[in-house]
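**Student:** predicted model, plus sequence, below.
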Amino acid sequence: MTRILLLLLAGCPLAEPPLSALDCDEVRVGDVVGMATEGSGPHPGDDALRVSGWASHQRGLTIRTVEVAGLEADNEGFNFDAWSATVPPPVLLQLADGEDSLELEVVATDVCGVEHVVDEVEVVLTEPLLVERLELEVAPPGDEDWLPALSTVAAQVVVSANAEAASATVELDASLGDFAGGNTVTLAGDGLDDASATVLFSSGEAGTALLTASSGEEVATATVRIAGPPLLVPDLLALAPGALTSVQVLSDGRVDRCEATAASGILVTSGGVDISITPAAVDVDGDGRVDLQVEVEAGLAVAASVDVVCEDPYGQEGSAAISASP
């Protein structure tokens, strides 16, 4: 019987020990202290208000809930030593009751059911910040108009709006890739010139990224081309003596250079330049692609092989292997 009881206990979590009446009789309203560290001050009446802070029970008892204006806060630490709550706009306006300021009471309730007022948050409701015009501009680094599929290389994204929109929040979105620091920016300005914000954008995936900025009914979009490494087509050739063929270098960005290892009997050129001696990347026929020409010596007597590597300005590489046998 003892063994069965121990097994049963091992499979069931122990409940919190009950408090004695004496324990709860000793609890006073002032036993919980705390503070709202964020949320007070001016706030647009049409935005949800985030209030956060800390609380601590002086006698070490459990704090069951923390409420802001009657709304339960999330426990983000141990025993509410960090908490946050969100007050939606309708609740703010209802509590303000036509006034432009209000006080939100922060109340903690402990395990004994005793309520403790730990702080009051003073909020001044302001007129919504009007974004009447929104623009989005993407500036890749250097003179390029594209980005590599390297998350370590970023473009500057500039969000701008009318001067009156200074301090407004703008939401950002990207069909692929990420914005450094998150998907929201706060516009800055002096109230005279355009309000603006700058954020970095990068992607580890090739494609065309659609970037979107939005605030209220205003939306702005921009696109940026993201290129992977150059692709050599074909990337594997086995040739016979006297063969003459071409290789195209495909890229959604720009090919900066191609070079080949030297091998007796195989010549690889781009625009007439021997790329085993001088790296080159020439679009011979004007189709926007780099062209390479491979020529095998007609009297080739010994097998030979060449490796070709093409690189873009960001160091992304593509390669091809060429061999020839008599």
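**Tutor:** Looks like it arrived, so ask away. Numbers count the residues shown, from 1 in each chain.

**Student:** number of nearby residues for the closest residue to V106 other than its chain neighbours?
**Tutor:** Spatial nearest neighbour of V106, excluding adjacent residues (Cβ to Cβ, 6 or more residues apart in numbering): D119 at 4.3 Å. C-beta: built from backbone N, CA, C; applies to glycine. Residues lying near D119 (other Cβ atoms under 10 Å) number 21.

**Student:** could you list the buried residues of stretch 263-273?
**Tutor:** A263, G265, I266, L267, V268, T269, S270 (16 or more other Cβ atoms under 10 Å).

**Student:** sort out for me which of those are in strands.
**Tutor:** Residues of those located in strands (DSSP state E): I266, L267, V268, T269, S270.

**Student:** would TSV of those residues with distance to D312 and pLDDT be doable?
**Tutor:** Listed next are these as TSV, based on distance: Cβ to Cβ, whole Å; pLDDT from 0 to 100:
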residue	distance to D312	pLDDT
I266	25	97
L267	24	97
V268	19	98
T269	20	98
S270	15	97
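
**Student:** and which of the residues you listed is nearest D31?
**Tutor:** Using Cβ to Cβ, S270 comes nearest to D31 of those, at 80.5 Å.

**Student:** gap between the closest one and G142?
**Tutor:** According to Cβ to Cβ, to the nearest Å, S270 stands 23 Å off from G142.

**Student:** next: E311.
**Tutor:** Going from E311 to G142 by Cβ to Cβ gives 15 Å.

**Student:** the two - which one has more neighbours?
**Tutor:** Shown here are E311 and G142; by other Cβ under 10 Å, E311 has more neighbours (19 against 9).

**Student:** which two among the buried residues of stretch 263-273 are spaced furthest apart?
**Tutor:** G265 and S270 (18.8 Å).

**Student:** and stretch 111-128, what's buried?
**Tutor:** Applying 16+ other Cβ under 10 Å to stretch 111-128 flags C112, V114, H116, V118, D119, V121, V123, L125 as buried.

**Student:** residues near the nearest residue to the second one once chain neighbours are set aside, how many?
**Tutor:** If you skip the residues right next to it in sequence, V114 has V27 as its closest partner in space, 5.1 Å away by Cβ to Cβ, 6+ apart. Number of residues near V27 (other Cβ under 10 Å) recorded here: 20.

**Student:** kindly report the same for V255.
**Tutor:** Neighbours of V255 (other Cβ under 10 Å): 23.

**Student:** measure it to L292 for me?
**Tutor:** Taking Cβ to Cβ, one finds V255 at 10 Å from L292.

**Student:** now do the shared contacts for these two.
**Tutor:** With contacts taken as Cβ atoms under 8 Å, 6 or more residues apart in numbering, V255 and L292 have V249 as neighbours in common.

**Student:** any low-confidence regions in the protein?
**Tutor:** 1-22 (pLDDT under 70).

**Student:** kindly list the longest strand within it.
**Tutor:** strand 115-126.

**Student:** name the helices or strands packed onto it?
**Tutor:** strand 32-38, strand 41-44, strand 49-57, helix 89-96, strand 101-110 (3 or more Cβ pairs under 8 Å, 6 or more residues apart in numbering; DSSP states H and E).

**Student:** L147 is nearest to which of these?
**Tutor:** Going by Cβ to Cβ, the one of the helices and strands packed on strand 115-126 nearest L147 is strand 49-57, 33.5 Å.

**Student:** buried stuff in that closest one?
**Tutor:** L49, V51, S52, G53, W54, A55, S56, H57.

**Student:** could you measure from the second one over to H43?
**Tutor:** Same thing as V51. V51 is 10 Å from H43, by Cβ to Cβ.

**Student:** also the fifth one?
**Tutor:** When Cβ to Cβ is applied, the distance between W54 and H43 equals 21 Å.

**Student:** same thing with the last one?
**Tutor:** Applying Cβ to Cβ, the value for H57 to H43 is 30 Å.

**Student:** reformat the buried residues of stretch 263-273 as CSV; add distance to Q156.
**Tutor:** Formatted as CSV, those follow (distance: Cβ to Cβ, whole Å):
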residue, distance to Q156
A263, 44
G265, 49
I266, 44
L267, 43
V268, 38
T269, 39
S270, 33
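
**Student:** partner strands of the longest strand of the chain and their direction?
**Tutor:** strand 41-44 (parallel), strand 101-110 (antiparallel) (DSSP bridges).

**Student:** quick one: it to chain centroid distance?
**Tutor:** 33 Å (Cα atoms, centre = their mean, to the nearest Å).

**Student:** please apply the same query to stretch 75-95.
**Tutor:** With Cα atoms, centre = their mean, you get 26 Å for stretch 75-95.

**Student:** check stretch 264-272 too.
**Tutor:** Per Cα atoms, centre = their mean, the centroid offset for stretch 264-272 relative to its chain is 45 Å.

**Student:** next one: stretch 308-317
**Tutor:** Worked out by Cα atoms, centre = their mean, stretch 308-317 lies 27 Å from the chain centre.

**Student:** tell me the buried residues in that stretch?
**Tutor:** Buried residues in stretch 308-317 (16+ other Cβ under 10 Å): V308, V309, C310, E311, D312, P313, Y314, Q316.
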